[in-house]
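Enquirer: have a look at this fold, sequence not included:
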């Protein structure tokens, strides 16, 4: 993982930054300049110096070519054939030198682009993935669309053009200074017949080049100033369109079953209409900018000829000087109006830079210390007795709305607890808080030190790779041999897939919901975690398959602490204790049914196992056990 990938910037930088006025350029360069400060700094500085040397060499070749123009045309004007042929003989070496220098600059520039983007991508990717920020980010920045596209596309669009811009600005500055000196020396001053004695303007060609560039640059800036905002809006619409299509693909089956094609088409068409509208705005803006750019393109090759023509006609300069001055003026002009020529590209780059800044700001908001303060976070610690302890836990939404209030519970090794309650009472949020995915709230959660936690959601994740990789995920290497993998598969009813351990398929697409949940149980049997958190982990299994999977879990991992969320009444028989979340106006409350609930489970299980043919239990005992299970009776039977 690259430096700073898993942690936020030190101190209170994130919170201070969020409270101050955003400064996109400063914020972006503060992040991106880490390329020259971190582990890759030697390579970064080597490539930077290589680019600078190549640019200086390129300008040197251009200066020599400019001087060659003067020499060649002067020899033509003098009709000196030996000199003409001497200068013709210089063409091949000049071309070879120019080709070598330009090729070196291209290679150095491309290497710098690749390595800088590689560093920035690894930095943001590591930051996004570490500490489950990819999971928490939507809760902190609900308006932040498609962080994956910002890392994949906007990082590229903010880094690669920036290298070109930096080289362009450096080249423009050096070129303007170098060729302005040539203009000063070659063109000299001009005498204007104004007043009784006239006026001499020294370095008039250099002055004219600067004034012309200022006028054109101001015109481009004035007409194109709103373009950056308009490009940013277009990019946002593009990201939302991609996200909608991704959502359609991920939910294709559900949409197809309810025949939602027409509504999805309408929504996608409406989203694309927004893109078209944004594009139309940009096209109108670029049309206005194009008037300025095209006017400049037609004028600036003619202006130096018009300015130098009086001196040539008066015999003050030679034809070679005319050609040298014209070429120098064009070079100075091109350097000074670099901003004009790149205005559209700069606007698009600034829009991508802004989207990257939004991502880094959101990631900083996720990090502990840049939220509302430590008091707004659930404390986590180590348990000394090997049990799970939840003390005075209140779970809150990121907005501050209380979901669960003042929950306290302890779970001993080998104990299995099921959490039930109405929909929306926060069952899934509670187990995510215990698993460490949900940090917002107050109170304390203590887990056994170095305990391995496995979280089994209703739809387990199926990564790309072989079936073997699927079974051991997220481990990199198998913790056991293939025989143990196959045994775990057999225990989960996946024996028909045992001969496909090396098969690489799109498992996320081809496995049914029930098969995915069987794979999740096989992972548990292979990896043997100490704490298992399950959220509707058997919802896609039939009753018999559920019973077999849970029985295998109990048999194979008897010491594991199991916390389940489920709705099926049949799940209760597998657990030792039941926790019910009851809805309250100030946050749901926990009501526990322990001890006797476990006794009822064991008693009724023994009755089913050892006395199946003796008829039902006496009615009074049966009613008492039902009351115990429902929490209506708390006194033990005598």
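Expert: Received, thanks. Predicted model, so just to flag it, every value in this text is computed and none were measured.
Enquirer: then residue 548 would be within a helix, right?
Expert: Yes: the assignment for residue 548 is a helix, going by DSSP: H, G, I helix; E, B strand; the rest coil.
Enquirer: distance of the closest residue to it other than its chain neighbours from residue 532?
Expert: Leaving aside its chain neighbours, residue 548 sits nearest to residue 493 (6.9 Å; criterion: C-beta to C-beta, 6 or more residues apart in numbering). (Glycine included, C-beta is placed from N, CA and C.) Plainly put, residue 493 is 19 Å away from residue 532 if you go by C-beta to C-beta, to the nearest Å.
Enquirer: between the two, who's got more neighbours?
Expert: Using other C-beta atoms under 10 Å, the more surrounded residue of residue 493 and residue 532 is residue 532, with 22 against 19.
Enquirer: hang on, that one in a helix?
Expert: No: if the criterion is three-state DSSP, then residue 532 is strand and not within a helix.
Enquirer: could you give the bridge partners of it?
Expert: residue 454, residue 562 (DSSP bridges).
Enquirer: pretty sure it contacts residue 451?
Expert: No: applying C-beta atoms under 8 Å as the test, residue 532 and residue 451 come out as separate, 10.7 Å apart.
Enquirer: in three-state terms, label the residue nearest to residue 548 for me.
Expert: Put simply, residue 493 is coil when judged by three-state DSSP.
Enquirer: mind checking how far it is from residue 110?
Expert: In terms of C-beta to C-beta, residue 493 sits 54 Å off from residue 110.
Enquirer: before we move on, what about residue 141?
Expert: 34 Å.
Enquirer: could you do residue 535 as well?
Expert: 48 Å.
Enquirer: more neighbours: which of these two?
Expert: Ranked by neighbour count (other C-beta under 10 Å), residue 535 and residue 110 place residue 535 first, with 20 against 13.
Enquirer: tell me the confidence at the more buried one?
Expert: Turning to residue 535, the model gives it a pLDDT of 90.
Enquirer: could you pull up phi and psi at it?
Expert: Backbone torsions for residue 535, taken as degrees, to the nearest 10, come to phi -120, psi 100.
Enquirer: thought it was touching residue 430?
Expert: No: between residue 535 and residue 430 there is no contact under C-beta under 8 Å: 10.0 Å.
Enquirer: residue contacts, residue 129?
Expert: Neighbour list for residue 129: empty [criterion: C-beta atoms under 8 Å, 6 or more residues apart in numbering].
Enquirer: okay, it and residue 401: tell me how far apart.
Expert: Going from residue 129 to residue 401 by C-beta to C-beta gives 28 Å.
Enquirer: now do residue 285
Expert: For residue 285 relative to residue 401 (C-beta to C-beta), the value is 43 Å.
Enquirer: which residues sit against stretch 77-88?
Expert: Contact with stretch 77-88 is made by 68, 71-72, 75-76, 318-320, as judged by C-beta under 8 Å, 6+ apart.
Enquirer: average model confidence for it?
Expert: Per-residue scores along stretch 77-88 average to 86.
Enquirer: so how far is it off the chain centroid?
Expert: 62 Å (C-alpha atoms, centre = their mean, to the nearest Å).
Enquirer: go on, stretch 35-49?
Expert: Relative to its parent chain, stretch 35-49 has a centroid offset of 23 Å by C-alpha atoms, centre = their mean.
Enquirer: in it, what's buried?
Expert: 35, 40, 43-44, 47-48 (16 or more other C-beta atoms under 10 Å).
Enquirer: for it, measure first residue to last.
Expert: End-to-end span of stretch 35-49 (C-alpha to C-alpha, to the nearest Å): 14 Å.
Enquirer: try stretch 415-427
Expert: End-to-end distance for stretch 415-427: 18 Å, by C-alpha to C-alpha.
Enquirer: in that stretch, what's buried?
Expert: Neighbour-count burial for stretch 415-427 flags 415-421, 425-427 (criterion: 16+ other C-beta under 10 Å).
Enquirer: of the buried residues of stretch 35-49, which is the nearest to residue 229?
Expert: Distance to residue 229, by C-beta to C-beta, is smallest for residue 35 among those, at 28.1 Å.
Enquirer: that closest one and residue 122 touch, don't they?
Expert: No: assessed by C-beta under 8 Å, residue 35 is found out of contact with residue 122, at 10.5 Å.
Enquirer: ok so, going back, what is the nearest of the buried residues of stretch 35-49 to residue 266?
Expert: Of all the buried residues of stretch 35-49, residue 266 sits closest to residue 35, with 45.1 Å by C-beta to C-beta.
Enquirer: quick one, what contacts the closest one?
Expert: Residues in contact with residue 35 (C-beta under 8 Å, 6+ apart) are 41, 44, 115-116, 119-120.
Enquirer: farthest-apart pair in the residues you listed, please.
Expert: Taking C-beta to C-beta, the two most distant members of these are 41 and 120; they sit 14.1 Å apart.
Enquirer: ok, which stretches of the stretch 101-250 of the chain are strands?
Expert: With strands called from DSSP state E, counting those that start in this stretch, the stretch 101-250 of the chain shows them at 190-192, 199-201.
Enquirer: now, of those, which is deepest in the fold?
Expert: Highest mean neighbour count of these: strand 190-192, a mean of 16 (counted as mean count of other C-beta atoms under 10 Å).
Enquirer: report the mean confidence score over that one.
Expert: Mean pLDDT, computed over strand 190-192, is 71.
Enquirer: go on, stretch 270-279?
Expert: Taken as a whole, stretch 270-279 carries a mean pLDDT of 92.
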